[in-house]
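Participant: Return atomic coordinates for the entry below.
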Amino acid sequence: MNNLGANIRARRHALGITQEQLSNNTGLSINYISRLEVGTANNVSAKTLLSIAEVLKTSMDKLANGSIDEAEMGYYQRKLWNTLNNMDDEKAEQVSKNVLGLINLDRE
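Facilitator: Numbering: from 1, shown residues only. Below is the predicted model of the structure:
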């Protein structure tokens, strides 16, 4: 499985979305999504990647390049990370700002 495929699959699983749901919401075939996830689909267009990223509530960059390795996180850090990733971007940004303010790391 390539990084893109692994990242799509991990994000889809984190959101509890099936390949069928991703297919229905992107207009891509389940077969294509499966091939993407196992790394046998080549030359993914930016339009396709954007469509997948929008449904998975993430960025094209995070799908292509990955993000923080959750395996290295503690239980509560992983729980917070997953909660933030399941929020819309604006709400996640506000919650992050509030948490940083609580621990006095945000000095803006």
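
Participant: And the next helix or strand past the lowest-mean-pLDDT helix or strand in the chain?
Facilitator: Within the chain, judged by mean pLDDT, DSSP states H and E, the helix or strand with the poorest mean is helix 75-85; its value is a mean of 82. Once the chain leaves helix 75-85, the next helix or strand it forms, by DSSP states H and E, is helix 89-102.

Participant: So which elements touch that next one?
Facilitator: helix 75-85 (3 or more CB pairs under 8 Å, 6 or more residues apart in numbering; DSSP states H and E). Bear in mind the C-beta positions are built from the backbone N, C-alpha and C, glycine included.

Participant: list the helices and strands the helix it packs on packs on?
Facilitator: Going by 3+ CB pairs under 8 Å, 6+ apart, helix 75-85 lies up against helix 3-15, helix 89-102.

Participant: This structure - how does it break down into domains?
Facilitator: Each domain of the chain is listed here as a residue range: 3-65, 70-102, per automatic domain parsing.

Participant: Quick one: those domains as CSV, columns for mean neighbour count too.
Facilitator: Formatted as CSV, those follow (neighbours: other CB atoms under 10 Å):
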stretch, mean neighbour count
domain 3-65, 16
domain 70-102, 12
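
Participant: Mind telling me which of those domains the model trusts least?
Facilitator: Of all the domains of the chain, domain 70-102 carries the lowest average pLDDT, namely a mean of 81.

Participant: For Gly27, give me the backbone phi and psi.
Facilitator: Phi and psi for Gly27, reported as degrees, to the nearest 10, are phi 80, psi 10.

Participant: right, and it touches Thr48 too?
Facilitator: No: assessed by CB atoms under 8 Å, Gly27 is found out of contact with Thr48, at 9.5 Å.

Participant: Okay, angle between the strand or helix carrying Leu50 and helix 3-15 too, please.
Facilitator: Using DSSP H and E, Leu50 maps to helix 46-55. Taking axes from the mean of the first three to the mean of the last three CA atoms, to 10 degrees, helix 46-55 and helix 3-15 form an angle of 20 degrees between their directions.

Participant: neighbouring contacts of helix 46-55?
Facilitator: The contact list for helix 46-55 (CB atoms under 8 Å, 6 or more residues apart in numbering) reads 8, 17, 22, 25-28, 36, 59-60, 62-64.
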